[in-house]
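1. 3D model of this:
(one chain, ligands or ions: 1)
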Amino acid sequence: MTTPHIEAAAGAIADTVLLPGDPLRARFIAQEFLDAPVQVTARRNMLGFTGRWQGHAITVMGGGMGIASTAVYSTELVRVYGARRLIRVGTCGGLGEIALGDILLAQSGSTDSRFNRMQFGDHDLAACADFALLRGAVDAAVALGVDARVAHVFSTDCFYDGAPGLHDHLRRHHIRGIEMETAGLYGLAMREGVQALSILAVSDHLDRHEKMSAAERERGLSRVARLALTVCAGP
Ligand code: HPA
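-> Below you'll find the predicted structure:
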């Protein structure tokens, strides 16, 4: 069984998939957290691993950068491999009164991408997290003593040279994180009838012009992954 972009065998992908952008982060999370991780796909070096966390089968697979890439992998994971729960584990830029290293649980994803509009009659979709997953993540953060906050995020297609004034619009709407995937992932999950949540460490601050070091980013990702896995093991 293969798809154009995933070469995993039938049954090799778990119901729950953690999606970091970077395939090497997928390998890091699998090696660091999962029991008996097995590499299940490597097409285009987009590595995926399946293993167990506290007895629960979990796949962790790179999704690439941006809505377009994330949507390709997510669509095939859901439609062909039967994934039912997609949790993006990543980083974002921060805006306003949040600090570097804070963890955001993305309640909604606004976007400058046309991806959701193309499939929603050119209307504006309210691309939202799955409520049960979001609530589970809030509970898991409390249980782990992790300071995570529910926030709105914005997914841009333009890492460089985005629309002038965009950050002012985000501040005006109390959007606290900017990244490149969540709005598309949420829209796709709503259409497919599956659960999705993005858990994001703030890796750079757009107002304060601060940036995490590579080591800090890795620590941030570990906290995000632990939180995501705790959600998966929850009730
Ligand atoms: N913009 C888009 N994506 C990001 C950023 C950003 O500033 N920081 C981390 N991911």
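2. what residue ranges in this structure score low on pLDDT?
-> By pLDDT under 70, the low-scoring segments of the chain are 235.
3. what number of residues lie near Leu34?
-> By the criterion of other CB atoms under 10 Å, Leu34 has 22 neighbours. Every C-beta, even on glycine, is put in place using the N, C-alpha and C of the backbone.
4. Glu7 is in contact with Ala42, correct?
-> Yes. Assessed by CB atoms under 8 Å, Ala42 is found in contact with Glu7 at 7.1 Å.
5. Ala214: neighbour count?
-> 7.
6. distance-wise, check the closest residue to Val38 other than its chain neighbours relative to the ligand.
-> In this structure, Val38 finds its nearest non-sequential neighbour in Thr50, 5.7 Å apart by CB to CB, 6 or more residues apart in numbering. To the ligand, Thr50 is 27 Å away according to CB to the nearest ligand atom, to the nearest Å.
7. could you grab the helix/strand/coil label for Thr50?
-> Following DSSP: H, G, I helix; E, B strand; the rest coil, we place Thr50 in the strand state.
8. ok, it - how many residues close by?
-> 23.
9. kindly report the same for the one 4 residues further on.
-> Counted with other CB under 10 Å, the neighbours of Gln54 add up to 11.
10. please apply the same query to Met65.
-> The burial count for Met65: 15, using other CB under 10 Å.
11. not counting sequence-adjacent ones, nearest residue to it?
-> Excluding its sequence neighbours, the residue lying closest to Met65 (CB to CB, 6+ apart) is Gly21, at 5.3 Å.
12. burial count for the one you found?
-> Gly21: 20 neighbours (other CB under 10 Å).
13. what residue in this structure comes nearest to the ligand?
-> Nearest to the ligand, among the residues of the chain, is Gly93, at 2.8 Å (CB to the nearest ligand atom).
14. returning to that earlier point: beta-bridge partners for the residue nearest to Val38, please?
-> In this entry, Thr50 is beta-bridged to Val38, Thr59, by DSSP bridges.
15. show me what the spatially most central residue of the chain is bridged to.
-> Centroid check for the chain by CA atoms, centre = their mean gives Arg88 as the closest residue, at 1.7 Å. Beta-bridge partners recorded for Arg88 (DSSP bridges): Leu19, Ser198.
16. Phe49 versus that one, what's the distance?
-> Distance of Arg88 to Phe49, given as CB to CB, to the nearest Å: 16 Å.
17. so Gln39 makes contact with Met46?
-> No. In this structure Gln39 lies outside contact range of Met46 using CB under 8 Å: 11.4 Å.
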